[in-house]
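# sequence and predicted structure below; questions after.
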Amino acid sequence: MGPTIQLLSDYASRLRYDDLSHEAIHQVKRTLVDTLGCGVGGFDGEPAVVARRVASRGQGKPPARILGTTETTSTDLAAFANTVLVRYLDCNDTYQARGTGHPSDMIPGVLALADAHKTDGRAAITAIVVAYEAFCRVADQVALKGWDQGMFVAIGASCGAGKILGLHQAQIANAISIAITSGVPLGVTRIGELSMWKGCATAAAVRTGSFAAELAAEGMTGPEDPFEGRDGLWQHLGIEPPKWGSFGGGEEPFRITATTFKAYPAVVHTQGPVGLVLELRPRLSVKDIASVHVATYGEAVRRTASEPQKWDPETRETADHSMPYLIAAAFADGAVTPATFAPSRIKDPALRPLIKKLTVVEEPEFTRRYPAESCSRVDVTLADGQRLTAETRHPRGNYRNPLTDAEVEAKFRGLAEHALGKDRCDRVLSEVWKVDQAATLDSLLESLVIPTRA
């Protein structure tokens, strides 16, 4: 067994709820509020409908719930369908390091297995922390060179699932090995005009990780050294084996406390510029804008403004990854919300003249400071020559500029209240804040049933 898989599986098998800090436990609850709000908000999205329709054909023994409904399916299909719900709005949390991704994508996998096996809230919290540690510590070390963030998700999801199932160290090692050798998606998922699969690729990785843990629980073995071994992951990435530091526990903070919540339903690299536009907008009339210049870090430019499709998006998935579209919509509408991505708004010709006034460029100093800082600057020149400027290092929601608990709750209500109603939203929030006292997750999952789907 190689050193990486030994480290990950040993950590996952040993961590206990009593090892967790109060900060980590509280952040899990905050993250659940954020994640479940995104899931309810994405319930009627077309990819979610497709995933739910396929999942409803399955049967589980034991079964797991399809979020928002009273239907059940197999644990792996529940993990997939429920992650698609969470990802659809592109508003769930982000971890930014050498590799960037959405660790809360793994939470539906933990919840599906916790639901099926009737584990308690503390076990679910511990499994979520384990999944985040695996995801984030690997992301700290590994840049995604042609691969998708599902690489991190498959590893973390198998660790979290193994924790829920009570697997011992060798079984978790097998789960990780099965997941990583069979479930690494390609980076082309997020290139060009983006398809529905943009929000589903990590859902597939979560399903793979959950299924791998269930196989390992029954005695299935995986390759002995999937990371350092010949033809293993490090060789395919073309990197030297990482030099691992300490994982969360004791004096070392848990990585879940270093994640970012999004203030707007769009890719994380646009959070700063969108916030700056909304800050500047009350000081100007949109019709008077002569030009808009956005300076940001290299990864943001590469991901959101370097392809022709990002300057004339046709799909929702492309629009929420398009810096030009988001800047124009923020100026025109004074907000970026799920309504920003209605097909009629994405294709609205009224936004194109404003898009043509934009430039988006890399600021080398901002690139040097990323990911420790997510710097952006927006310069607006008006028709009369007046210039307005705003700049940020840590956009609202970044873990160094975090949303308050009240703001996280407000975000949940903004995404979920139209589907659940006020009283049911109140119940969900109550269940999440006391989840560490829950004998099972039944009450929480029942509170998430959308009344028209009961």
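Looks like it came in fine.
# so Q141 sits against A134, correct?
No. Applying C-beta atoms under 8 Å, one finds Q141 not in contact with A134, separated by 11.6 Å. Placement of C-beta: from N, CA and C, glycine included.
# pick out whichever of those two has more residues nearby.
In this view Q141 and A134 are compared by other C-beta atoms under 10 Å, and A134 has more residues nearby, 31 against 18.
# would you confirm that that one contacts L8?
Yes. In this structure A134 lies within contact range of L8 using C-beta under 8 Å: 5.5 Å.
# now the common contact residues for these two.
I155, C159 (C-beta atoms under 8 Å, 6 or more residues apart in numbering).
# which neighbouring elements make contact with the helix or strand E391 falls within?
Using DSSP states H and E, the element containing E391 is strand 387-392. Here strand 387-392 touches helix 271-280, strand 376-382, going by 3 or more C-beta pairs under 8 Å, 6 or more residues apart in numbering; DSSP states H and E.
# could you report the distance from the nearest residue to G334 once chain neighbours are set aside to P349?
Distance criterion C-beta to C-beta, 6 or more residues apart in numbering; nearest residue to G334, sequence neighbours excluded, is R281 at 5.9 Å. In this view, R281 and P349 are 21 Å apart by C-beta to C-beta, to the nearest Å.
# pick out whichever of the two has more residues nearby.
Between R281 and P349, counted using other C-beta under 10 Å, the more crowded position is R281 (18 against 6).
# any idea how far Q271 is from that one?
R281 sits at a distance of 16 Å from Q271 (criterion: C-beta to C-beta).
# can you check G397 too?
Per C-beta to C-beta, G397 is found 6 Å from Q271.
# just D423 next, same as before
For D423, the distance to Q271 - C-beta to C-beta - is 31 Å.
# what of S447?
Distance, S447 to Q271, using C-beta to C-beta: 29 Å.
# check E224 too.
In terms of C-beta to C-beta, E224 sits 42 Å off from Q271.
# so what's G160 up against?
Neighbour list for G160: A12, M106, G109, V110, A127, I128, V130, A131, A134, G209 [criterion: C-beta under 8 Å, 6+ apart].
# Three-state assignment for the last one, please.
For G209, the reduced secondary structure class is helix; criterion used: DSSP: H, G, I helix; E, B strand; the rest coil.
# show the contacting residues for the nearest residue to it once chain neighbours are set aside.
Excluding the flanking residues, the one nearest G209 by C-beta to C-beta, 6+ apart is A157, at 2.8 Å. When contacts are counted by C-beta under 8 Å, 6+ apart, A157 is found next to A79, M106, G109, V110, A131, A179, A205, V206, T208, G209, S210.
# between these, which is nearest Y88?
V206 (14.2 Å; C-beta to C-beta).
# need the pLDDT of that closest one.
Per-residue pLDDT puts V206 at 97.
# how near is W147 to L233?
Taking C-beta to C-beta as the measure, W147 falls 9 Å from L233.
# same check, this time on F261
On the measure of C-beta to C-beta, F261 and L233 end up 30 Å apart.
# tell me the helix or strand right after the helix or strand harbouring G414.
Per DSSP H and E, G414 falls inside helix 405-420. Remark: after helix 405-420, the chain's next helix or strand is helix 422-433, criterion DSSP H and E.
# who are the packing partners of the helix or strand that that following helix is followed by?
On the C-terminal side of helix 422-433, the nearest following helix or strand under DSSP H and E is helix 442-447. Here helix 442-447 touches helix 107-117, helix 422-433, going by 3+ C-beta pairs under 8 Å, 6+ apart.
# residues touching the last one, excluding its own?
Read that as helix 422-433. Helix 422-433 is contacted by residues 29, 32-33, 36, 409, 412-413, 416-417, 420, 438, 443-444, 447-448, 451 when judged by C-beta under 8 Å, 6+ apart.
# distance from it to the middle of the chain?
Distance of helix 422-433 from the chain centroid (C-alpha atoms, centre = their mean, to the nearest Å) equals 22 Å.
# quick one: average pLDDT of that helix?
On average, helix 422-433 scores 98.
# 54 is where my numbering starts, stick with that
Sounds good: first residue 54 from here, last item helix 475-486.
# buried residues of it, list them for me.
Under the neighbour-count criterion of 16 or more other C-beta atoms under 10 Å, helix 475-486 has R477, C478, R480, V481, L482, E484, V485, W486 buried.
# ok, now the shortest one?
Of the residues in helix 160-170, those buried under the neighbour-count criterion (16+ other C-beta under 10 Å) are I160, P161, G162, V163, L164, A165, L166, A167, D168, A169.
# closest one of those residues to P417?
I160 (36.5 Å).
# wait, that closest one touches T88, no?
Yes. Assessed by C-beta under 8 Å, I160 is found in contact with T88 at 5.1 Å.
# okay, and the common contacts of those two?
V139.
# which SSE is V86 in?
Using DSSP H and E, V86 falls within helix 75-94.
# just want the angle from that helix to helix 458-473.
Per axes from the mean of the first three to the mean of the last three C-alpha atoms, to 10 degrees, the angle that helix 75-94 makes with helix 458-473 is 30 degrees.
# coming back round to it: now the buried residues of helix 475-486 in JSON lines, with distance to P318?
Listed next are the buried residues of helix 475-486 as JSON lines, based on distance: C-beta to C-beta, whole Å:
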{"residue": "R477", "distance to P318": "21"}
{"residue": "C478", "distance to P318": "18"}
{"residue": "R480", "distance to P318": "24"}
{"residue": "V481", "distance to P318": "19"}
{"residue": "L482", "distance to P318": "20"}
{"residue": "E484", "distance to P318": "24"}
{"residue": "V485", "distance to P318": "20"}
{"residue": "W486", "distance to P318": "24"}
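# of these, which is the nearest to P366?
The shortest approach to P366 among the buried residues of helix 475-486 belongs to C478, at 31.4 Å (C-beta to C-beta).
# ok, now which ones touch the residue nearest to the spatial centre of the chain?
Central residue of the chain (C-alpha atoms, centre = their mean): H155, 2.5 Å from the mean position. Applying C-beta under 8 Å, 6+ apart to H155 gives the contacts R140, N145, D146, T147, Y148, Q202, V206, T255.
# again, but for L329
Per C-beta under 8 Å, 6+ apart, neighbours of L329: S429, R430, V431, A443, E444, T445.
# wait, the second one sits on E444?
Yes. With contacts defined as C-beta under 8 Å, R430 counts as touching E444 at a distance of 4.2 Å.
# okay, these two: which has more neighbours?
R430 (17 against 14).
# roughly how far does E444 sit from G55?
Distance of E444 to G55, given as C-beta to C-beta: 45 Å.
# let me fix that: K487
From K487 to G55 the distance is 41 Å (C-beta to C-beta).
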